[in-house]
Structures are given as C-alpha cells and as structure tokens.
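In: pasting the structure only:
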C-alpha cells in the first residue's frame, strides 16, 4: 500500500511539474514529490533535484545538491551522480565550480553506469575532458580514449541515422582523439 501511495504521489507531482493537468504549478509539484520521497518512492528525490536545479517551486540549487546526494545514498542513482558532477563542473549560484569534486562524481557514475548513461555523450565528453589532463598512466589514457571514442561513435550514429548531427557541440573532439 505504501509503495502504491508513493507512486501515485510521484505521478501527481510529475503532472504538476510538466503541466499535464493544465498549467504548471511547481509548488504543488514539490509538495507531492516530497510526499512521495518521504514514502521512499524511487525517482522522487531526483525529480526534486531537477526542480531545485532550475530554482522552481521555491527551491534552491543547494537543495538540488542535497536531493541528488540523498538519491545517490538511497538508490545508487547514477543520473543523480551525473547531475552532481555537472553542477560542480560548471558551478552554479552559491556553488563554485570544483573539478576534483566533479571528477569524483563522474567517476562514480561511470562505475555504476546503466544503459541510459551509456548513451549520454555529454557525460562521456565531460568525463574525458576532466580526466585528460590528469592522465598519468596507461589505464587513465585508455579511459580517456574510451570516453572520447564513445562521443565520436554517438555522433557517427546520429549522422548515419539522420544525415546530420543535431548540433556540433564538441568541435575539439577529433583533435582530442588525434593527440592521444
């Protein structure tokens, strides 16, 4: 019963966040997602993190870090690890960029990656860029090469399937692969 209640609360929260039931109402979305999180519904903390990262529903970016951290602790959520890495890689309001912290989160996400993260070229590009200047042995270089190679392959698949790349966001990718 508790699990079903959490699922319903989660779905109600998503509907308010996406505006599926009319107009968006982020404070109601936050309320229902928090109720689902209290009941332990997987995914509720991550959704709260996404809302907080955009400062929706009265939430702050610092709360996003807290929600993502709890999602990692509770569910070993690789996507929350990735988002923590992104926040610390770019820096956010009241959260300065910290490459070492970003790299720690990205490495952990890499270890726990799932099928969805396997297809996330932005994740691999960021991880490769953070690892590249720190590569001091063959294993490190192999991991950097694997990251950049994955991004290159994703772009090649996009090109084959669509005849174009959605948008060229990694102009230095060939250079980075070539110098390895």
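Out: Done, it's in. Remember, it's a predicted structure, so these values are computed and weren't measured experimentally.

In: Tell me how far the residue nearest to residue 43 when sequence neighbours are not counted lies from residue 117.
Out: Distances taken as C-beta to C-beta, 6 or more residues apart in numbering put residue 10 closest to residue 43, at 6.4 Å, once the chain neighbours are dropped. In short, each C-beta sits where N, CA and C put it, glycine included. Computed as C-beta to C-beta, to the nearest Å, the residue 10 to residue 117 distance reads 21 Å.

In: And the two? Which one has more around it.
Out: residue 10 (21 against 16; other C-beta atoms under 10 Å).

In: which secondary structure element contains the more buried one?
Out: Here residue 10, judged by DSSP states H and E, is contained in helix 2-18.

In: and the longest helix along the chain, which residues are buried?
Out: For the chain, the helix with the greatest residue count under DSSP state H is helix 138-162. Using 16 or more other C-beta atoms under 10 Å as the test for burial, helix 138-162 gives 143, 144, 145, 147, 148, 150, 151, 152, 154, 155.

In: What pLDDT does the model give the second one?
Out: Taken from the predicted model, the pLDDT recorded for residue 144 is 87.

In: Verify the stated contact: it with residue 132.
Out: Yes. Counting by C-beta atoms under 8 Å, residue 144 does reach residue 132; the two are 5.1 Å apart.

In: got a list of contacts for the worst-scoring helix or strand of the chain on mean pLDDT?
Out: Using mean pLDDT, DSSP states H and E, helix 173-178 stands out as the lowest-scoring helix or strand of the chain, at a mean of 76. Helix 173-178 has contacts (C-beta atoms under 8 Å, 6 or more residues apart in numbering) with 125, 128, 129, 132, 145, 148, 149, 151, 152, 155.

In: Show me which residues of that helix are buried.
Out: Neighbour-count burial for helix 173-178 flags 173, 176 (criterion: 16+ other C-beta under 10 Å).

In: repeat for stretch 28-35
Out: Going by 16+ other C-beta under 10 Å, stretch 28-35 has these buried residues: 28, 29, 30, 31, 32, 33, 34, 35.
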